[in-house]
Every structure is written in structure tokens, then in C-alpha cells.
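[1] model this:
(one chain, ligands or ions: 2)
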Amino acid sequence: MEKLIDLHIHSTASDGSLSPEDVVAYAKGKGAAAISLTDHDTVEGLEAALSAGKTQGLEVIPGLEISAQHPGGSMHILGYYIDPSDPNLNQELRRLQKARRERNPKIINKLQSLGFPIDYDQVQAIAKGQIGRPHIAQALLKIKAVSSLEEAFQKYLTRGAPAYEEKFRFSPSESISMIIQAGGIPVLAHPFTLNYPSLRDLKRLVEKLKDDGLKGLEVLYPEHSSDQTRDYFSLVKELNLIYTGGSDFHGDLKNNVDLLSGKGDLKIPYCIVEVLKDLRAKGQSQ
Ligand SMILES: [Zn+2]
Ligand SMILES: [Zn+2]
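    Ligands and ions are numbered 1, 2, ... in the order given. This next block holds a predicted model:
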């Protein structure tokens, strides 16, 4: 049987619905050969995930996903094999978490002034850990203000929508160097969310990120069309980067995507882990 992996997974440490331990158990049950836990702007779930990996016999790669500044779209940068105890990384992440915490009450205030009877405590009760917009979307669904989580985002929570609120983010190059300094390998997540009009424009951006230390692109991703996947593979080849893949599993907070199989046809080969390990070994010997 082919060894399959998933290198993009969220837990309750950010906005997923399963605890880090449960993510590991779920992945193990699905037959994953390796996973990476990549919570938003935090390494808080990693210790639990790594130790659950050891006891349950599943290879767990420490990871995270940093939201970087990017006007006009969203830029997420994954970091693999970061040291979760790196003091500099932890200090920088605390700044991001503070920004995230301050942002949620503002979003909820905006929704209240739009007439929705939701409050912070309700949203906190839905989130088992860090609150994020998916929990606010669930609160809207619960009071039947919307009929789906997607609708909640589209109508109210996405950038440009009436309850959207900007937050502090690091620049792409700052995010990349945070990851490198913590011993990690930076990879651009789901390139389609950058909303670049053409592959040429995307190439220019990725070249710049590569100068900053970017090592790869997340090419295999449930939302990528076959054209996009082909384009990103060609970009990776042209720029001598690596490719990775992941489902972006959030548990039942994003219920059309499953761990490992995405929307059903995702297949991420284990050889990617070997490439990451090679890169890591090279980085350490420099
Ligand atoms: Zn992302
Ligand atoms: Zn993600």
C-alpha cells in the first residue's frame, strides 16, 4: 500500500475541532504514514501531538501556519520541523496571538451592531481553544442568521464584508525568517488564496519569497483545480523549490474536507517527508 501523508492540519490549538491528541488518533485510524500539525500562529498543540505520535506510533512533524501581510488576498506560510520551544519564535507568536484575541471582540461588536444577538461568551463556548472566525461563523449558524458556514464568511466575515476586521501580521519575509531561525522549512501554503491574476505575477512573488528563504509551495491541496496544480508544479520545477501537500483539515469546522483524502481524491506521497528531512539536514550542517 502506498504510504500517504497529510502536512496541513489544524487542531483546537487554533481553529480545528479535534484536540492535538485526537488529530493523531484520527490520522492513525485513517492509515496516515505521517502528519504535520500546522495550527495558525501557534505551536501550543505541538507538544501534545508529538507525544501522542510517539505513544500511538505515528510520525508527527512539528509545524505551524503563519498568516503574513498580503493586501488583496491571504498569504499563509507553513513552517515544518520548527523547534516548538524556540524562544524567539514563541515571543513573536505571542504578538500574533494577542492581535488575534483583540480582533475577535471587534468582529463580534460589528455583528452586534448589524443586529445579531451573539456575544463573546457564546463564541468562547463553541471554541474549545483559541477563538477564530470559524467559531464566530458557527455562532451565526446557531442563531440561524446564515444557513451555512460558507455563507457566514461570504456575507459577514471575509475581507471586505461588513464585520471584517484587519489585524496585525508580520511581513512575508519576517514570517519566513521566524521559521528559519526556529530551525524550520518555510513553505507557501495554498498559493491560490493570494488571488494572483496570472502565473507570471505569482512567479515574480515566489521568486522574491525564495530570496527571503522560502523553500517550497504547497501544491497538493483540496481547493486547487487540476490547472492550478499543474501550474504550481511547473513553478516549483522552474524555481527549484520543493512541493508539499495537505488537506487543511479542521475537523467538523470545515466539514467538506477530510484528513488525508481532502475532498476524496487527495493523495500526498510520503517521499515529501524524505525531501523535507534532507533539506533539514542540509540546513543544520550549514
Ligand atoms: Zn491557510
Ligand atoms: Zn490551514
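[2] how about the residues of the protein near ligand 2?
    Contact residues, the chain versus ligand 2 (C-beta under 5 Å from the ion): 65, 248. For every residue, glycine as well, the C-beta is placed using N, CA and C.
[3] show me what residue of the chain gets nearest to ligand 1.
    Taking C-beta to the ion, ligand 1 has its nearest neighbour within the chain at residue 76, 3.5 Å off.
[4] that residue contacts residue 187, doesn't it?
    No - between residue 76 and residue 187 there is no contact under C-beta atoms under 8 Å: 9.7 Å.
[5] these two: which is more packed in?
    Shown here are residue 76 and residue 187; by other C-beta atoms under 10 Å, residue 187 has more neighbours (30 against 23).
[6] which SS class is the residue in the stretch 51-200 of the chain positioned nearest to ligand 2?
    Residue nearest to ligand 2 within the stretch 51-200 of the chain (C-beta to the ion): residue 65, separated by 4.8 Å. Three-state call for residue 65 (DSSP: H, G, I helix; E, B strand; the rest coil): strand.
[7] report the contact partners of it.
    8, 10, 14, 38-41, 76-79, 189 (C-beta atoms under 8 Å, 6 or more residues apart in numbering).
[8] so which one among the residues you listed has the lowest pLDDT?
    Ranked by pLDDT, the contacts of residue 65 bottom out at residue 14, which has 88.
[9] ok so it is a helix residue?
    No - note on residue 14: no helix contains this position according to three-state DSSP, which reports coil.
[10] up against ligand 1, what does the stretch 1-150 of the chain have?
    So far as C-beta under 5 Å from the ion goes, the stretch 1-150 of the chain lies against ligand 1 at residue 76.
[11] all strands for the stretch 1-150 of the chain, in order.
    5-9, 34-37, 59-68, 75-80 (DSSP state E, counting those that start in this stretch).
[12] for the residue of the chain found nearest ligand 2, which non-adjacent residue is spatially closest?
    Per C-beta to the ion, residue 248 is where the chain lies closest to ligand 2, at 4.4 Å. Nearest residue to residue 248 in three dimensions, chain neighbours excluded: residue 8, at 4.9 Å (C-beta to C-beta, 6 or more residues apart in numbering).
[13] the one you found reaches residue 257, doesn't it?
    No - counting by C-beta under 8 Å, residue 8 stays clear of residue 257, with 10.0 Å between them.
[14] any idea which residue sits dead centre in the chain?
    Using C-alpha atoms, centre = their mean, the residue of the chain that lies closest to the mean C-alpha position is residue 65, 4.4 Å off.
[15] give me the pLDDT for it.
    98.
[16] now do the closest residue to residue 78 other than its chain neighbours against residue 209, distance only.
    Distance criterion C-beta to C-beta, 6+ apart; nearest residue to residue 78, sequence neighbours excluded, is residue 187 at 4.5 Å. As judged by C-beta to C-beta, to the nearest Å, residue 187 and residue 209 stand 10 Å apart.
[17] out of the contacts of residue 65, grab the one that's most surrounded.
    Highest neighbour count within those, by other C-beta under 10 Å: residue 38, with 31 neighbours.
[18] tell me the phi and psi of residue 196?
    Note on residue 196: its backbone torsions stand at phi -80, psi 130 [degrees, to the nearest 10].
[19] and the closest residue to it other than its chain neighbours, what does it touch?
    When the adjacent residues along the chain are set aside, residue 196 lies closest to residue 202, with 4.2 Å between them (C-beta to C-beta, 6+ apart). Contacts here follow C-beta under 8 Å, 6+ apart; on that basis residue 202 touches 191, 194, 196, 235.
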